[in-house]
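Asks: quick one, fold the following:
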Amino acid sequence: MNNLFIIDPTFIEIGGISIQWYAIFILIGILVAYITGVREAKKLGIKKSTVLDGVLYCVPLSIIGARLYYVFFYKLENPNSFSSLYEIINIRSGGLAIHGGIITAIIFMYFFCKKRNISIFKVVDFVAPGFLIGQIFGRIGNFINREAYGSAVSREFLENVLHFPNWMIEQMYIGGEYHHPTFFYEMLWNIIGLTFILIIRRKKFVKSGDLVGFYLIWYGIGRAFLVEPFRTDSLMLGNIKVNILNSLIFALIGIGYLIFKRIKLKAQPYYYEIIENVEKEKIKTVIFDLDGTLVNTFEVIKKSFRHIFEKHFKDVELTEELLYSFVGPSLKQTFRKYAKSESEVEQLVLEYHSYKKKIFDEFVMTYPTVKRTIKILKRNHYNIAIVTNNVLNQVKMALKFAGLDEYFDVIITSENAKPKPDGDGIIKAVNYFNDAKACYVGDTKLDVRASKEAKVISIAINHKFNQDEILSANPDYVINQMDEILDILNV
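Replies: Numbering: from 1, shown residues only. I've put the predicted structure just below:
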């Protein structure tokens with residue numbers, strides 16, 4: 001044996017605390033499973049935040065379940081073992097059983113889905129491939145740790161039958177003998193199973209929830225007949241290997257589950273139908289207000305109104321509440337309340353714009369996450385537009401300042417649509433894209449009212465100081481910052 005080929009199971013050691021390669025591969029497996037799960041969950045209409053919440057709860061609980069399973073069956077065989085709480089929870093010395101983790105995860109998913117009011121069949125469909133992904137990476141960790149191996153074999157078997165390279169062969173030299181790489185058999189079996197599931201899930205015979213049944217059958221058969229018979233460290237129940245027994249139970253449960261679904265749950269939709277329906281119902285057009293939504297122009301607006309009122313309407317007390325009421329309506333709508341004639345209104349509008357342009361760069365601000373959100377929407381081929389009561393030259397100035405001037409397909413202003421709360425501008429944007437499934441994002445009750453008139457989904461940004469007012473308009477969704485719409489849209 002050449003010790004140069006032996007892989008050190010410790011990834012890094014800092015201050016006496018070591019991190020093992022096994023832990024690294026387990027984390028990589030969880031991350032890959034999460035990323036692929038999020039992508040598939042989105043196609044099934046399940047939000048990324050829901051998946052993340054599930055993972056954050058499920059992973060720790062599954063580790064506990066895997067440990068308790070191991071402790072329970074090991075103690076049945078060795079009654080004097082695990083005599084203290086520390087021994088029970090000390091997983092650094094080994095002792096996690098994947099069967100316990102799977103059982104815990106399935107139980108957790110049932111209650112999680114019930115609480116969140118989502119279909120458990122949808123969830124298990126994207127979790128089943130995740131199980132296999134996690135197990136594939138976990139078996140790589142077993143290889144580096146030189147554990148979960150099988151009975152003794154000859155070097156010739158590893159070299160001439162399995163065609164292992166020398167470094168893999170030497171890694172299997174443990175305790176003076178070469179051993180069956182049972183972790184490799186399981187990893188290969190799981191790769192085949194994962195490929196199989198990824199292929200068949202789009203086929204027209206697979207119904208919602210079927211994939212967990214396929215997983216239980218595939219994993220149960222592989223573990224019972226391909227892995228456990230060769231293992232030397234199996235948990236025992238008398239003369240029976242516990243994991244062979246439970247793997248067969250997994251396979252039988254998977255078979256029974258699929259038969260039950262076909263007989264008793266005939267109404268369950270096909271997997272491909274769910275994806276097609278989610279795609280049909282998906283919002284593909286996102287329309288934005290400008291001031292207070294994409295760009296923070298509150299200070300500019302307030303200072304511009306103060307300039308006008310201090311010059312022309314000195315008797316009007318400009319409270320913060322009154323100033324805020326000017327945000328949303330068109331300038332003409334606001335000035336008509338104070339001017340004596342329509343010509344005076346026109347003059348005030350011109351004067352307002354002139355002063356606003358002069359102070360714009362000094363007082364305008366950008367909102368965090370806005371540009372990032374717009375770029376993500378564009379990258380994902382969303383139709384994006386602006387509908388505002390502002391005028392075009394002011395809109396262009398604001399967009400250029402915020403670095404957003406290249407992203408919008410359509411800009412509708414007070415110059416070519418009726419002002420909000422009329423839904424005319426939103427309707428025109430929707431018609432331009434020929435897409436009835438749209439949403440409008442704004443920051444005032446006028447924006448919400450315009451959304452409802454245009455019969456699109458309303459998303460209101462809560463700036464806190466106008467919280468009561470905007471909530472009184474009953475928007476469909478309320479967000480605190482722009483990137484939260486990505487979760488609503490399931491991007």
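Asks: run through the stretch 101-250 of the chain and note the low-pLDDT ranges.
Replies: Applying pLDDT under 70 to the stretch 101-250 of the chain flags no residue at all.
Asks: can you give me the strands in it?
Replies: Taking DSSP state E, counting those that start in this stretch, the strands of the stretch 101-250 of the chain run over residues 152-153, 173-174, 177-179, 236-237, 240-241.
Asks: which residues touch the first one?
Replies: Read it as strand 152-153. 177-180 (CB atoms under 8 Å, 6 or more residues apart in numbering). All C-beta spots, glycine's among them, are computed from the backbone N, C-alpha and C.
Asks: narrow these to those that are buried.
Replies: 178-180 (16 or more other CB atoms under 10 Å).
Asks: part of a helix, is K452?
Replies: Yes: assessed with DSSP: H, G, I helix; E, B strand; the rest coil, K452 lies in a helix.
Asks: neighbours of it, how many?
Replies: K452: 19 surrounding residues under other CB atoms under 10 Å.
Asks: distance of G54 from V456?
Replies: 30 Å (CB to CB, to the nearest Å).
Asks: same thing with E299?
Replies: E299 is 30 Å from V456, where distance means CB to CB.
Asks: buried residues in stretch 286-305?
Replies: Those would be 286-298, 300-302, 304-305, for stretch 286-305 by 16+ other CB under 10 Å.
Asks: for stretch 477-491, same thing?
Replies: For stretch 477-491, by 16+ other CB under 10 Å, it's 478-479, 482, 484-486, 488-491.
Asks: could you do stretch 450-468 as well?
Replies: For stretch 450-468, by 16+ other CB under 10 Å, it's 450-452, 454, 456-463, 466.
Asks: which residues touch that stretch?
Replies: 283, 287, 292-293, 324, 387, 420-427, 430, 438-444, 447-448, 470-471, 473, 475-482, 485, 488.
Asks: quick one, which of those are buried?
Replies: 283, 287, 292-293, 324, 387, 420-427, 430, 438-444, 447-448, 470, 473, 475, 478-479, 482, 485, 488.
Asks: just the strands in the stretch 301-450 of the chain please.
Replies: According to DSSP E, counting those that start in this stretch, the strands that the stretch 301-450 of the chain contains are 365-366, 383-387, 410-412, 438-442.
Asks: which elements pack onto the last one?
Replies: It stands for strand 438-442. Packing partners of strand 438-442 (3 or more CB pairs under 8 Å, 6 or more residues apart in numbering; DSSP states H and E): strand 285-288, helix 424-433, helix 445-454, strand 457-461, helix 485-489.
Asks: nearest to P329, of these?
Replies: helix 445-454 (6.4 Å; CB to CB).
Asks: ramachandran angles for K437?
Replies: phi -90, psi 90 (degrees, to the nearest 10).
Asks: I should have written N466 there, sorry.
Replies: Torsion angles, degrees, to the nearest 10, at N466: phi -120, psi 20.
Asks: same check on E317?
Replies: phi -80, psi 110.
Asks: next up, the contacts around it.
Replies: Here E317 is in contact with no residue (CB under 8 Å, 6+ apart).
Asks: cool, and the one 5 residues further on?
Replies: For L322, the contact set (CB under 8 Å, 6+ apart) comprises V316.
Asks: make it 10 Å
Replies: 305, 309, 316 (CB atoms under 10 Å, 6 or more residues apart in numbering).
Asks: from Y74, how far out is E87?
Replies: Distance from E87 to Y74, counting by CB to CB: 11 Å.
Asks: rewinding a little: highest mean neighbour count out of the strands of the stretch 101-250 of the chain?
Replies: Mean neighbours per residue, mean count of other CB atoms under 10 Å, is largest over the strands of the stretch 101-250 of the chain for strand 177-179, with a mean of 18.
Asks: return the list of strands paired to that strand, each annotated with direction.
Replies: strand 152-153 (antiparallel), strand 173-174 (antiparallel) (DSSP bridges).
Asks: what's the closest of those strands to I253?
Replies: Here strand 152-153 is closest among the strands paired with strand 177-179 (CB to CB), at 32.6 Å.
Asks: quick one: distance of that closest one to the chain centre.
Replies: Offset of strand 152-153 from its chain centre (CA atoms, centre = their mean, to the nearest Å): 45 Å.
Asks: just to revisit the earlier point, of all the helices and strands packed on strand 438-442, which one is nearest F205?
Replies: helix 485-489 (31.2 Å).
Asks: what's the mean pLDDT across the closest one?
Replies: Helix 485-489 shows a mean pLDDT of 92.
Asks: which helices and strands sit right next to it?
Replies: helix 48-77, strand 285-288, helix 370-379, strand 438-442, strand 457-461, strand 477-479 (3 or more CB pairs under 10 Å, 6 or more residues apart in numbering; DSSP states H and E).
Asks: save those as a markdown table, and put in distance to R116 and mean pLDDT too.
Replies: Below are the helices and strands packed on helix 485-489 laid out as a markdown table (distance: least, CB to CB, whole Å; pLDDT from 0 to 100):
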| stretch | distance to R116 | mean pLDDT |
| --- | --- | --- |
| helix 48-77 | 6 | 93 |
| strand 285-288 | 25 | 97 |
| helix 370-379 | 25 | 96 |
| strand 438-442 | 22 | 96 |
| strand 457-461 | 21 | 95 |
| strand 477-479 | 17 | 94 |
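Asks: output the ones you listed as TSV; include the columns distance to M187.
Replies: Listed next are the helices and strands packed on helix 485-489 as TSV, based on distance: least, CB to CB, whole Å:
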stretch	distance to M187
helix 48-77	18
strand 285-288	43
helix 370-379	35
strand 438-442	45
strand 457-461	45
strand 477-479	43
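Asks: for I191, which of the ones you listed is the nearest?
Replies: helix 48-77 (21.3 Å).
Asks: how far does that closest one sit from the chain's center?
Replies: Distance of helix 48-77 from the chain centroid (CA atoms, centre = their mean) equals 21 Å.
Asks: packing partners for that helix?
Replies: Checked by 3+ CB pairs under 10 Å, 6+ apart, helix 48-77 has helix 21-43, helix 85-89, helix 98-116, helix 120-145, strand 236-237, helix 242-264, helix 485-489 packed alongside it.
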